[in-house]
Every structure is written in C-alpha cells, then in structure tokens.
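Q: Following is a predicted model, sequence given first.
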Amino acid sequence: MNDARSVNVRADLWPTFAGRGAGSLLEIDAWIPSEISAISPLVERLMRLVEASHCVTGEETAVELALREALSNAVVHGNRLDARKLVHVRCRCKVGEGISLIVSDQGQGFDPRTIPDPLTVENLDADHGRGIHLMKLAMDEVSFEQRGTEVHMRKRLARNPRADVRSDARGF
C-alpha cells in the first residue's frame with residue numbers, strides 16, 4: 001500500500017466501502033443495512049484489508065471478535081433489525097500504532113452502566129449479554145459515545161510474546 005487508493009465496493013448484501021491507504025495508513029468507512037446476514041461479508045472484507053495493512057499483526061483474531069460483537073449489537077440491539085437503518089464502521093489502521101474502530105447505529109442508544117455483568121452467577125446461563133464483555137477482553141480500549149449509539153475500540157500493536165518468553169526463561 002505505497003500509493004493512495006480508493007476502494008468502493010457494492011455487493012449483493014450491499015456492504016459499501018470507501019477507503020484510502022497511503023503508506024502505513026489505512027482508513028475505511030463502511031456501511032451495512034441492519035441485517036444479520038450483512039455482518040460476515042463486511043467483517044471478512046474489512047479483516048482482509050486489516051491483515052494486509054499489518055497494523056495489528058498477531059492480534060487480528062481479537063479485532064475480528066470485537067468487530068463482530070459490535071456489529072451484532074448495533075444490528076440487533078441498536079437498530080433492532082430494521083434494514084432501513086444503517087450501521088456505519090470507521091476503521092483506521094496505522095503500522096506501529098494499531099487499529100481504531102468506531103461502530104455506529106441509528107438506534108436510541110443505551111447506558112452501558114445498566115448492562116448486567118455476564119460473569120455473575122445469575123447471568124452465567126443467559127443466552128445473551130456477553131458481547132460488551134467480549135469486546136472489552138479483546139480490545140485495549142472500549143468506550144461508548146453518543147448516548148451509546150457508538151462504540152469506540154482501540155487495539156495497539158502487541159509486543160512480541162516470544163521475546164517475553166525467552167527473556168523470562170533466561171531469568172530462571
């Protein structure tokens with residue numbers, strides 16, 4: 001990605017991308033209708049671009065998990081599966097700095113402080129309610145803005161875990 005380029009793709013499920021990459025920076029804006037079937041095509045395309053950018057090498061699985069959870073929450077809880085409402089994803093990758101993602105919906109929002117803890121005994125058997133917890137585990141930073149209609153997530157480039165293991169082994 002040494003030259004500036006623009007990506008504009010429209011598929012049957014109409015995930016739409018508008019992006020540019022220049023050198024070590026990749027910026028993407030993508031929109032999908034609030035349909036469960038639109039999530040995977042968007043995530044797969046976006047993750048291919050993220051992997052090619054090398055901005056979070058070794059952390060792609062965590063980023064993908066958080067992105068899927070955020071999109072699912074936006075589609076199901078935010079926009080309540082109303083296909084006329086859109087979900088917007090903004091992604092910014094920079095080599096050496098990591099990735100930031102913003103997922104926005106057109107719903108009423110929510111207060112994240114009112115979400116029950118999925119790890120309490122009474123919630124362990126619940127069939128929902130773990131998405132926000134998973135996003136927080138997968139990403140370095142997660143915050144909710146615009147009265148809960150936007151989730152902001154950031155993942156920094158991981159240190160080399162093999163180097164840490166080797167230095168620990170030498171210390172014994």
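A: Nice, thanks for sending it over. All figures in this text were calculated on a predicted structure; none of them were measured in a lab.
Q: drop to CA atoms for contacts and neighbour counts, all remaining ones
A: OK.
Q: do you know how far residue 134 is from residue 141?
A: Separation of residue 134 from residue 141 (CA to CA, to the nearest Å): 12 Å.
Q: repeat for residue 120
A: Distance from residue 120 to residue 141, by CA to CA: 22 Å.
Q: of these two, who's got more company?
A: For residue 120 versus residue 141, the count of surrounding residues by other CA atoms under 10 Å is larger for residue 141: 14 against 9.
Q: Next, the contact list for residue 157, please.
A: By CA atoms under 8 Å, 6 or more residues apart in numbering, the contact set of residue 157 is 55, 56, 57, 59, 96, 97, 98, 99.
Q: did I read that right, residue 158 in a helix?
A: No. Under the criterion used here (DSSP: H, G, I helix; E, B strand; the rest coil), residue 158 is coil, not part of a helix.
Q: can you pull the contacts of it?
A: 56, 57, 58, 59.
Q: tell me the pLDDT at it?
A: Among the per-residue scores, residue 158 shows a pLDDT of 70.
Q: what do you get for residue 73?
A: pLDDT, read off for residue 73, is 96.
Q: Who are the contact partners of it?
A: residue 131 are the contacts of residue 73 under CA under 8 Å, 6+ apart.
Q: Just the buried ones from the contacts of residue 158?
A: 56, 57, 59 (16 or more other CA atoms under 10 Å).
Q: Need the residues you listed in JSON lines (columns: pLDDT and secondary structure).
A: Converted to JSON lines, the buried ones among the contacts of residue 158 look like this (pLDDT from 0 to 100; DSSP: H, G, I helix; E, B strand; the rest coil):
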{"residue": "56", "pLDDT": "94", "secondary structure": "coil"}
{"residue": "57", "pLDDT": "92", "secondary structure": "coil"}
{"residue": "59", "pLDDT": "95", "secondary structure": "coil"}
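Q: How much space separates the residue positioned nearest the centre of the chain from residue 136?
A: Central residue check for the chain by CA atoms, centre = their mean: the C-alpha nearest the mean position is that of residue 67, 2.6 Å away. Applying CA to CA, the value for residue 67 to residue 136 is 11 Å.
Q: And residue 48, by the same measure?
A: Separation of residue 48 from residue 136 (CA to CA): 22 Å.
Q: So for those two, which residue has more residues nearby?
A: Counted by other CA under 10 Å, residue 48 and residue 136 do not tie: residue 136 has more neighbours, with 15 against 11.
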